[in-house]
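Peer 1: How does the following fold in three dimensions:
(chains A, B, C, D, E and F)
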Protein chains: 4
Amino acid sequence: MPKTSQNTSQTTSRRTGGRRPADREPRQAAVSAAPERRQELLAVAAEVFAAHGYNATTVRRIADEAGLLAGSLYYHFDSKESMVDEILATFLDELWAGYDAVLAAGLGPRETIEALVTESFRQIDRHRAAVAIYQKESRHLAAHPRFGYLTESQRKFEAAWLGTLERGVSDGTFRADLDTRLIYRFVRDTVWVAASWYRPGGRHSPEEVARQYLSMVLDGIALRE
Amino acid sequence: MPKTSQNTSQTTSRRTGGRRPADREPRQAAVSAAPERRQELLAVAAEVFAAHGYNATTVRRIADEAGLLAGSLYYHFDSKESMVDEILATFLDELWAGYDAVLAAGLGPRETIEALVTESFRQIDRHRAAVAIYQKESRHLAAHPRFGYLTESQRKFEAAWLGTLERGVSDGTFRADLDTRLIYRFVRDTVWVAASWYRPGGRHSPEEVARQYLSMVLDGIALRE
Amino acid sequence: MPKTSQNTSQTTSRRTGGRRPADREPRQAAVSAAPERRQELLAVAAEVFAAHGYNATTVRRIADEAGLLAGSLYYHFDSKESMVDEILATFLDELWAGYDAVLAAGLGPRETIEALVTESFRQIDRHRAAVAIYQKESRHLAAHPRFGYLTESQRKFEAAWLGTLERGVSDGTFRADLDTRLIYRFVRDTVWVAASWYRPGGRHSPEEVARQYLSMVLDGIALRE
Amino acid sequence: MPKTSQNTSQTTSRRTGGRRPADREPRQAAVSAAPERRQELLAVAAEVFAAHGYNATTVRRIADEAGLLAGSLYYHFDSKESMVDEILATFLDELWAGYDAVLAAGLGPRETIEALVTESFRQIDRHRAAVAIYQKESRHLAAHPRFGYLTESQRKFEAAWLGTLERGVSDGTFRADLDTRLIYRFVRDTVWVAASWYRPGGRHSPEEVARQYLSMVLDGIALRE
DNA sequence: CATGAATGAGCATTCATTCAT
DNA sequence: GATGAATGAATGCTCATTCAT
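Peer 2: Numbers count the residues shown, from 1 in each chain, chains lettered A, B, ... in the order given. Below is the predicted model:
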């Protein structure tokens, strides 16, 4: 789950050079013309994309769900593609804001992993739909140059997690008898697939889910005698 | 990953009443008109479905890859749908043959889990494409009545795993301080998502991957002092 | 290039009964709400229509070029159609003012042709965009009853030119060994297509271009010995 | 009216590297699968394009006129664009086959012009629709890289005609008192616009029209005393 | 068994136009 | 006078499927 620049946190200026925002919306809108509508529509779109998949989601369906006609969506967005784009980019921006804070905190490997997992579940809680989309679609979206930032994020993501795990193996925090890449995939998948069943407002808070997941991941499910 | 009847193991007569096989192909006509061709085509289809997703896969693409024209596929199969159907059904049949054997062996909770996980990785090894398809598409395919057996299999799957886990919690094999459903999801996802990155013939054999996964799942990744 | 009534020269009251002007704008309301703005917008529209064709020109494009939003154009004009209408009508009015003056002057065939050609190049110079639009679009616009005046103008145009040519053939001014209709088309096309490459302010003044064209048309390009 | 390679005369191997033909049609068709249908459809398309303009022509319209459904056209062609492409390219290929033969014949300036004009009217006779399309659409089609060959052809066309004219001015065949570019445009337009009114099988054969046009162009329409 | 050609329903997108503010 | 948001009809194109040969 990558991003282009990790230090900046503005919502749109990174990736593709921030050229899109100038295209349509804020013509001379200094005070801004109504970004809420855009957000509403994106929220609806994200939900539908997550439920049915990007390809299987028709623009009509999104429009229906949002209460307008299909064509009207094109007043707000350039294309169906640019909707997922904005959904994913917004999510990744926020994710990396959190991750970067964690990584900059100078914690030990175990604490870093704990913080990353907790942050991940918080993101799943806030951006469930976006995470689900990311899980299902990022692979083939990444094929388009427009979504290059997905690959970029993936790279950074792997570096952060794998690096922390290796650091932990070196200093004796984590077991050395396992293939580190296997551990990485295990932890990564374990955390993110949760988006497919997690429902915000359910039995457990994201922090609680994180706590139990961490407990399983770190200490296993077998009882120690 | 469920099936309708676990005791029978014939390749096609179970599920949804076994009505489909009568549709087109010459049943299992003694000598038969080349059932290998059918399998070849299904293998190609499975690969393409796995790589691009069911919806995104065009019948033409499958045909291209198989070296014939799109229309010609309809000599062998009723529809695109019936292709996934057969792919998934075949996979689930084999999966449940294995699972049922394990479940019938009367092992303890830990050994049962170990055997199930190992069997799962063997299936991933043999049916990588089918497993990947199952992961990505089963949710929305299950909406059609034709794929009722997917839901059915899911139910059986959950019963088997969750039952074993609960048995293990009761008898002190597994930790009691965790939400059992959370453990279930954790183990389930952990195992099956592997299909998304596992490549047969890679660094580790399925048994080796299973061993390491089991080790992580059971004992965690943290070093015990 | 015809018009309905050649004797009147007011800017809008002829054609299709002059019903449109009453539609929206404050007629020619004494002080009026800035008719210059209207002209500005029409000039922009004409330019865009000429450059990209009527159909291919979107209302948005015109608006962009004029610095307002697409919808805002509808304060000034009823429709895209009424923009071309006004552009073409204005041009034809002026063209016929010139032509009618020439035709009323009682010149001989050769002098009439010379004057018509010169007048035509003057119009191309003044209304380049309108002429280009007329060339490209009049055929299919004429299908709509609203643009009946185009057909009407065509008829008058042919009558004027063909009549003059025939008069010249009769009195020995022009060659008699050629199909008169062929001569007509030759002269007509020759003159008007110039709008597609002529750029006001270029190497030659319209009068100079007219002079050379006339020289070619009347005496040919071959050197006489 | 240009072409990429003037020496070869095969119908499709030049331009865009000849990659398109491999795309769809001749799969393994050695003997060829049915190029007649393709030609029929192209003829219909050309007619409609010529009558209503490329943009204004809907794929539905072409299909209607050809007696099939819009989608079915896509079995034969990649896109609406590739239809015009093929129409124009075929025409230009044939045009240049003729032009090149003329230019290679080593005739004097006057005879060359005569031959080019005659050849042009023959092309107008054979490819009326294509010529009309070329006249109306080449300017904006040439914007797409795919239609680069249009610009290329234009360049060659100008070189051939302008060169011949200049040769004629030098050797005293043509008048020296006129702007050569003006002569060029005059002749060029004069000839090609004829496509907008010429109807094959009409009063005059192409050769007869050519003869009269040449007579006007070379010697003018004024009677010499 | 396979091809070639066609169908028809559906999809993303465009665009002239409307209208409340 | 102009904006922002929406409409609705149309457009180019895709695709699973059919079927005569």
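Peer 1: Grab the nearest non-local neighbour of residue A:174.
Peer 2: Excluding its sequence neighbours, the residue lying closest to residue A:174 (Cβ to Cβ, 6 or more residues apart in numbering or on different chains) is residue A:168, at 3.9 Å. In short, each C-beta sits where N, CA and C put it, glycine included.
Peer 1: swap that for residue A:122, please
Peer 2: In space, and not counting its chain neighbours, residue A:122 is closest to residue A:206: 5.1 Å by Cβ to Cβ, 6+ apart.
Peer 1: tally of neighbours for that neighbour?
Peer 2: Neighbourhood size, residue A:206 [other Cβ atoms under 10 Å in any protein chain shown]: 20.
Peer 1: my read: it touches residue A:117, true?
Peer 2: No. Applying Cβ atoms under 8 Å, one finds residue A:206 not in contact with residue A:117, separated by 10.2 Å.
Peer 1: if we can go back for a sec, quick check: which element contains the residue nearest to residue A:174?
Peer 2: Residue A:168 belongs to helix A:148-170 when assigned by DSSP states H and E.
Peer 1: for residue A:41, same thing?
Peer 2: Counting by DSSP H and E, residue A:41 is part of helix A:35-52.
Peer 1: Check the offset of that helix from the chain's centre.
Peer 2: 15 Å (Cα atoms, centre = their mean, to the nearest Å).
Peer 1: and the residue nearest to residue A:174, how many neighbours does it have?
Peer 2: Residue A:168 has 23 neighbours, counted by other Cβ under 10 Å.
Peer 1: all helices for chain A, in order.
Peer 2: With helices called from DSSP state H, chain A shows them at A:20-23, A:35-52, A:59-66, A:73-76, A:80-104, A:109-126, A:128-141, A:148-170, A:180-192, A:206-219.
Peer 1: how about the residues of chain A near DNA strand E?
Peer 2: A:57, A:58, A:59, A:60, A:70, A:71, A:74, A:78, A:79, A:80, A:81 (Cβ under 7 Å from any atom of the strand).
Peer 1: Skip the chain neighbours and tell me the closest residue to the fourth one.
Peer 2: In space, not counting the residues next to it along the chain, residue A:60 is nearest to residue A:70; the distance is 4.6 Å by Cβ to Cβ, 6+ apart.
Peer 1: Now for that neighbour: which residues touch it?
Peer 2: Taking Cβ atoms under 8 Å, 6 or more residues apart in numbering or on different chains, we find residue A:70 in contact with A:58, A:59, A:60, A:62, A:63.
Peer 1: so where's chain A shaky on pLDDT?
Peer 2: The model of chain A has pLDDT under 70 over residues A:1-34, A:225.
Peer 1: and with 50 instead?
Peer 2: Scanning chain A for pLDDT under 50 picks out A:1-32.
Peer 1: show me what contacts residue A:81?
Peer 2: Residue A:81 is in contact with A:144, A:146, counting by Cβ under 8 Å, 6+ apart.
Peer 1: try it again with 7 Å
Peer 2: With contact set as Cβ atoms under 7 Å, 6 or more residues apart in numbering or on different chains, residue A:81 has no partners.
Peer 1: quick one on the thing from earlier: look up how far residue A:112 lies from the residue nearest to residue A:174.
Peer 2: 8 Å (Cβ to Cβ, to the nearest Å).
Peer 1: And for residue A:224?
Peer 2: Relative to residue A:112, and taking Cβ to Cβ, residue A:224 is found at 24 Å.
Peer 1: Neighbour count: those two, which is higher?
Peer 2: Using other Cβ under 10 Å as the criterion, residue A:224 and residue A:112 rank with residue A:112 on top: 22 against 9.
Peer 1: thought the more buried one was touching residue A:102?
Peer 2: Yes. The criterion here is Cβ atoms under 7 Å, and residue A:112 meets it with residue A:102 at 6.5 Å.
Peer 1: Any residue of stretch A:142-160 touching DNA strand F?
Peer 2: No. Against DNA strand F, stretch A:142-160 shows no contacts by Cβ under 7 Å from any atom of the strand, the least distance being 14.4 Å.
Peer 1: mind listing what the nearest residue to residue A:162 once chain neighbours are set aside touches?
Peer 2: Counting by Cβ to Cβ, 6+ apart, residue A:184 is the residue found nearest to residue A:162 once chain neighbours are left out, at 4.9 Å. Contacts for residue A:184 were tallied using Cβ under 7 Å, 6+ apart; they are A:161, A:162, A:165.
Peer 1: cool, residue A:138 as well?
Peer 2: Residues near residue A:138 by Cβ under 7 Å, 6+ apart: residue A:150.
Peer 1: which residues does the nearest residue to residue A:195 once chain neighbours are set aside contact?
Peer 2: Leaving aside its sequence neighbours, residue A:195 sits nearest to residue A:131 (Cβ to Cβ, 6+ apart; 3.9 Å). Counting by Cβ under 7 Å, 6+ apart, residue A:131 touches A:91, A:123, A:124, A:192, A:195.
Peer 1: Now render those as TSV, adding neighbour count.
Peer 2: Shown next, in TSV, are the contacts of residue A:131 (neighbours: other Cβ atoms under 10 Å in any protein chain shown):
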residue	neighbour count
A:91	22
A:123	25
A:124	24
A:192	21
A:195	23
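Peer 1: Residue A:95 is in contact with residue A:123, correct?
Peer 2: Yes. Residue A:123 is in contact with residue A:95 according to Cβ under 7 Å; the separation is 5.1 Å.
Peer 1: residues contacting the nearest residue to residue A:198 once chain neighbours are set aside?
Peer 2: In space, and not counting its chain neighbours, residue A:198 is closest to residue A:124: 5.5 Å by Cβ to Cβ, 6+ apart. The contact partners of residue A:124, by Cβ under 7 Å, 6+ apart, come to A:131, A:194, A:195, A:198, A:206.
Peer 1: Nearest to chain D among those?
Peer 2: Set against chain D, the nearest of those by Cβ to the nearest Cβ is residue A:131 (37.4 Å).
Peer 1: So the closest one versus chain B, what's the distance?
Peer 2: Distance of residue A:131 to chain B, given as Cβ to the nearest Cβ, to the nearest Å: 14 Å.
Peer 1: Please report how far that residue lies from residue C:190.
Peer 2: Here residue A:131 is placed at a distance of 69 Å from residue C:190 (Cβ to Cβ).
Peer 1: what pairs with residue A:222 across the strands?
Peer 2: For residue A:222, the beta-bridge partners under DSSP bridges are residue B:174.
Peer 1: ok, it - how many residues close by?
Peer 2: Counted with other Cβ under 10 Å, residue A:222 comes out at 19.
Peer 1: Make sure it is actually in contact with residue B:176.
Peer 2: No. Between residue A:222 and residue B:176 there is no contact under Cβ under 7 Å: 11.7 Å.
Peer 1: that older thread, can you tell me which of the contacts of residue A:131 is nearest DNA strand E?
Peer 2: For the contacts of residue A:131, the minimum distance to DNA strand E (Cβ to the nearest atom of the strand) is 20.1 Å, reached by residue A:91.
Peer 1: Could you pull up the residues touching residue A:206?
Peer 2: Residue A:206 neighbours (Cβ under 7 Å, 6+ apart): A:121, A:122, A:124, A:125.
Peer 1: Mark which of the residues you listed are buried, thanks.
Peer 2: When the contacts of residue A:206 are checked for burial by 16 or more other Cβ atoms under 10 Å in any protein chain shown, the buried set is A:121, A:122, A:124, A:125.
Peer 1: now for those, which pair is the farthest apart?
Peer 2: Using Cβ to Cβ, the buried ones among the contacts of residue A:206 span at most 7.3 Å, a distance reached by A:122 and A:124.
Peer 1: Show me what residue of chain A gets nearest to DNA strand E.
Peer 2: Counting by Cβ to the nearest atom of the strand, chain A gets nearest DNA strand E through residue A:71, at 2.7 Å.
Peer 1: how much space between that residue and residue B:60?
Peer 2: In this view, residue A:71 and residue B:60 are 29 Å apart by Cβ to Cβ.
Peer 1: One more: residue A:179?
Peer 2: Counting by Cβ to Cβ - residue A:179 and residue B:60 are separated by 40 Å.
Peer 1: Next, count neighbours for residue A:108.
Peer 2: 13.
Peer 1: Over to residue A:105?
Peer 2: So residue A:105, with other Cβ under 10 Å, has 10 neighbours.
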